[in-house]
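Asker: Fold the following, please.
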Amino acid sequence: MPGNADGLSAKELEQAGICRRFYGASFAEIERRGLPGSENIRRNYGKVRTFADALGENLAQGMGLILSGSCGTMKTTMAVAVLRQHLDAGNHGIFVPMCSLVDNLFTMRALDREEWARYEKRIRSTQLLVLDDLGGEDTGQGWIRSKVDSILTERYNGMRSTIVTTNLLPEELESTYSGRIIDRLRSTSIFLTFSGRSERRMGMA
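Answerer: Now for the predicted structure:
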């Protein structure tokens, strides 16, 4: 499969869970295209870029990011850009939309328990995990909340970094998942709130 401007092949991106829409989600490409006019997005981008500039130190300390707020404000693009920088340096990480995580765990367990165990182990142990759209899954099912709590607890205890994107506000996260888990996430993450109109229609997110 063809490569891309930042060195990783499409196959390598797919193996890390990065789908075609986000092949170009790197800091170099974001800056080449230019940031939108939103002061909130620009300010948060600077903080994410600062986090990425000290990525080795942040990962050694188990630090992550929580990118919370409005749809279409480049949360996922920025999260993938951090992951891309990590992967470009030859490290391991994975991008997982929450709806896919739930679907994969449910389907693999029913069809192939060995594949399910390998997949879940990778989610729990990878150096850098990006969980996209936390709270967008069907949290009405108790096993989903328990599974997510278990994964995040193990990563917290192992000091493995997690980047979370979510459309939920802090109080909504706490009412969806256990307060203990959200408190642990917040204690080991830089929490950034995104606001403003969606930039998707402008081709920016």
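Asker: For the rest of this, base every contact and every neighbour count on C-alpha atoms.
Answerer: Fine.
Asker: remind me which residues of this structure are low pLDDT?
Answerer: In the predicted model, the chain carries pLDDT under 70 at residues 1-6, 106, 108-112, 137-142, 200-205.
Asker: Find the centremost residue of the protein, please.
Answerer: Val130 (2.4 Å; CA atoms, centre = their mean).
Asker: For that residue, which residues count as its bridge partners?
Answerer: Taking DSSP bridges as the rule, Val130 bridges to Phe95, Ile163.
Asker: Please enumerate the strands of this protein.
Answerer: Assigned by DSSP state E, the chain shows strands spanning 64-69, 93-97, 128-132, 161-166, 189-194.
Asker: Go through those strands and name the closest to Lys147.
Answerer: strand 128-132 (13.5 Å; CA to CA).
Asker: who are the neighbours in contact with the residue nearest to the centre of the chain?
Answerer: Counting by CA atoms under 8 Å, 6 or more residues apart in numbering, Val130 makes contact with 79-80, 83, 93-96, 162-165.
Asker: Redo those as a markdown table? Include distance to Phe27 and neighbour count.
Answerer: Formatted as a markdown table, those follow (distance: CA to CA, whole Å; neighbours: other CA atoms under 10 Å):
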| residue | distance to Phe27 | neighbour count |
| --- | --- | --- |
| Ala79 | 10 | 25 |
| Val80 | 9 | 24 |
| Leu83 | 10 | 26 |
| Gly93 | 17 | 22 |
| Ile94 | 17 | 23 |
| Phe95 | 16 | 25 |
| Val96 | 20 | 19 |
| Thr162 | 19 | 26 |
| Ile163 | 16 | 23 |
| Val164 | 18 | 25 |
| Thr165 | 17 | 26 |
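Asker: For Leu105, see how far away the residue nearest to the centre of the chain is.
Answerer: For Val130, the distance to Leu105 equals 16 Å [CA to CA, to the nearest Å].
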